[in-house]
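J.: Give me the fold of what follows.
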Amino acid sequence: QVQLVESGGGLVQAGGSLTLSCAVSGSILNVNTMGWYRQAPGNQRELVATITRDGSTNYGDSVKGRFTISRDNYKNSANLRMSSLKPEDTAVYYCSVDWVLIRDQVMGAKELFDNWGQGTQVTVSS
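T.: Numbers count the residues shown, from 1 in each chain. You can find the predicted model right below:
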């Protein structure tokens, strides 16, 4: 009913930059807060950054000053610009949307909560 598709992951050297993109597709009427989370092997999933529909942002302490989240409400998409990457940034990065309103043939509109993409691998070599 709704898909979150991440792209832009890959291998980069420490100190380098990458930009991740997330596109929300489906019969979208509204998208609330979008975010990026990451999970490294053996670790819990942790917050990277979130951005509300009106552009308010929140960052995890470990990425403040290095990562920048942005979004395009018309395209229902969000980007994560990652700079000054460190080996400890290596993880699978997941796009999330906490609430999506979609068209529904039966109900007219339907709310979907806690939506996640499949993840994209980011590897930072030392």
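
J.: Relative to its centre, which residue of the protein is most distant?
T.: Val106 (30.0 Å; Cα atoms, centre = their mean).

J.: Kindly confirm my reading that that one is in a strand.
T.: No. Per DSSP: H, G, I helix; E, B strand; the rest coil, Val106 lies outside any strand segment and is coil.

J.: For it, give its distance to Gly55.
T.: 34 Å (Cβ to Cβ, to the nearest Å). Every residue, glycine included, has its C-beta placed from N, CA and C.

J.: can you check Asp104 too?
T.: 28 Å.

J.: which one of the two has more residues nearby?
T.: Using other Cβ atoms under 10 Å as the criterion, Asp104 and Gly55 rank with Asp104 on top: 14 against 10.

J.: in stretch 21-41, what's buried?
T.: By neighbour count on 16 or more other Cβ atoms under 10 Å, the buried set for stretch 21-41 is Ser21, Cys22, Ala23, Val24, Gly26, Val31, Thr33, Met34, Gly35, Trp36, Tyr37, Arg38.

J.: Quickly list what the fifth one is bridged to.
T.: The one in question is Gly26. Val2 (DSSP bridges).

J.: shouldn't it be in contact with Val2?
T.: Yes. Gly26 is in contact with Val2 according to Cβ atoms under 8 Å; the separation is 3.9 Å.

J.: sorry, back to before: please narrow the buried residues of stretch 21-41 to those residing in helices.
T.: Among those, DSSP state H puts none in helices.

J.: Pull the most distant pair out of those.
T.: Gly26 and Arg38 (24.1 Å; Cβ to Cβ).

J.: Spit out the residues that contact Gly26 and Val2 alike.
T.: Taking Cβ atoms under 8 Å, 6 or more residues apart in numbering as the criterion, Gly26 and Val2 both touch Val100, Ile102.
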